[in-house]
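In: model the following, please.
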Amino acid sequence: MLREDVLRKKTDFDAVYSKGRSTGSRYVVIFYLKNDLGLTRTCFLASKKVGNSVMRNRARRLMKESFRQIKGRLPEGYDLIFIARTTIQGRVCSEVKRSMEDALKRAKLIA
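Out: Numbers count the residues shown, from 1 in each chain. Take a look at the predicted model:
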C-alpha cells in the first residue's frame, strides 16, 4: 500500500510548480502549495548537479530526517517539494534542519 503523505503524480508536481510559491535557503529550496486534502504531502529531490547517486541519496536522507524533526510544527494541508542545493554536500543534519526551518519561516509555514 502506498503512503498517502508522499507527492507522486505529475499533475500534482505541475500544480505546485506552476501555481505554488517558492522560497530558498542556504541548502534547500522549497516549493509549496495549499491543498484541500487535510494532509501534508512531501517530496524530496536532489538533481545530478548535487553529485553521484551516493551524494544524492545522502542529501535526500538529510532532508527527510530534518523534516521528520520539524513536521510536528507545520500546519496540515500543504504540498511541499524540497530540492537540495549543491551546497548540501558534506553538511550534517543539524545544519540542514536549520536551513529548512529558515526557508519554512520565510514561507510563513512555521513561526
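
In: please save the CA atoms from the helix or strand hosting A15 in CSV.
Out: Using DSSP states H and E, A15 sits in helix 10-19. Extracted as CSV, the C-alpha positions of helix 10-19 are listed here (Å, rounded to 0.1, in the frame of the first residue of the first chain):
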residue,chain,number,x,y,z
LYS,A,10,2.9,14.5,-12.4
THR,A,11,-0.2,16.7,-12.3
ASP,A,12,0.4,17.4,-8.6
PHE,A,13,4.0,18.3,-9.3
ASP,A,14,3.0,20.6,-12.2
ALA,A,15,0.4,22.3,-9.9
VAL,A,16,2.9,23.0,-7.2
TYR,A,17,5.5,24.3,-9.7
SER,A,18,3.0,26.5,-11.7
LYS,A,19,0.6,27.7,-9.0
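
In: name the helices or strands packed onto that helix?
Out: strand 28-34, strand 78-84 (3 or more C-beta pairs under 8 Å, 6 or more residues apart in numbering; DSSP states H and E). Where you see a C-beta, it was placed from the backbone N, CA and C, and this is true even at glycine.

In: show the subsequent helix or strand relative to that helix.
Out: Taking DSSP H and E, what comes next after helix 10-19 is strand 21-24.

In: who does that following strand pair up with?
Out: According to DSSP bridges, strand 21-24 forms sheet pairs with strand 28-34 (antiparallel).

In: list the buried ones in the helix holding A15?
Out: Residues of helix 10-19 classed as buried: D12, F13, V16 (neighbour count, 16 or more other C-beta atoms under 10 Å).

In: want to throw these into CSV with distance to A59?
Out: As requested, the buried residues of helix 10-19 are exported to CSV (distance: C-beta to C-beta, whole Å):
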residue, distance to A59
D12, 22
F13, 19
V16, 20
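
In: beta partners for the residue nearest the centre of the chain?
Out: By C-alpha atoms, centre = their mean, the mean C-alpha position of the chain lies nearest to F82, the distance being 2.3 Å. When bridges are called by DSSP bridges, F82 pairs up with I30, F44.
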